[in-house]
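Colleague: the following comprises the amino acid sequence and a computationally predicted model.
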Amino acid sequence: SLVAFIFVMSGVEESDDMMRCASCGIVAGVDDIKLMKCTACKLVRYCGVKCQKDHRPQHKQACKKRAAELRDEILFKQP
């Protein structure tokens, strides 16, 4: 599926990694860590800005593609 492909391209496994930081792998809820979604693609999560910046080179291509798809979906849903 496209979502699985995007997870692979962004360096994130599809299974239980939805609640892990895409960069360092820390699990949500450990030491009260709250993960934040990538605001562009909404597919990966990060524990902080440092991890987001560190992971950006691996995530950039898949992120841009998914963000464009999300924008298209919103445009096509408008009357």
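Modeller: Noted; the coordinates are in hand. Numbering: from 1, shown residues only.
Colleague: for the protein, which helix is longest?
Modeller: The residue-count maximum for a helix in the chain (DSSP state H) belongs to helix 49-77.
Colleague: look up the closest residue to the most centrally placed residue in the chain, ignoring the ones flanking it.
Modeller: Ranked by distance to the mean C-alpha position of the chain (CA atoms, centre = their mean), the top residue is Val44 at 1.8 Å. Leaving aside its chain neighbours, Val44 sits nearest to Ala22 (4.0 Å; criterion: CB to CB, 6 or more residues apart in numbering). In this view, the C-beta of every residue, glycine as well, is placed from N, C-alpha and C.
Colleague: neighbours around the one you found, how many?
Modeller: Ala22 is flanked by 25 other residues according to other CB atoms under 10 Å.
Colleague: ok, it touching His55?
Modeller: Yes. Counting by CB atoms under 8 Å, Ala22 touches His55, with 5.3 Å between them.
Colleague: would you mind measuring from the residue nearest to the centre of the chain to Ala28?
Modeller: 12 Å (CB to CB, to the nearest Å).
Colleague: correct me, but His59 touches Tyr46?
Modeller: No. At 9.4 Å, His59 and Tyr46 do not qualify as touching, with contact defined as CB under 8 Å.
Colleague: now do the shared contacts for those two.
Modeller: The contact sets of His59 and Tyr46 overlap at 22, 38 (CB atoms under 8 Å, 6 or more residues apart in numbering).
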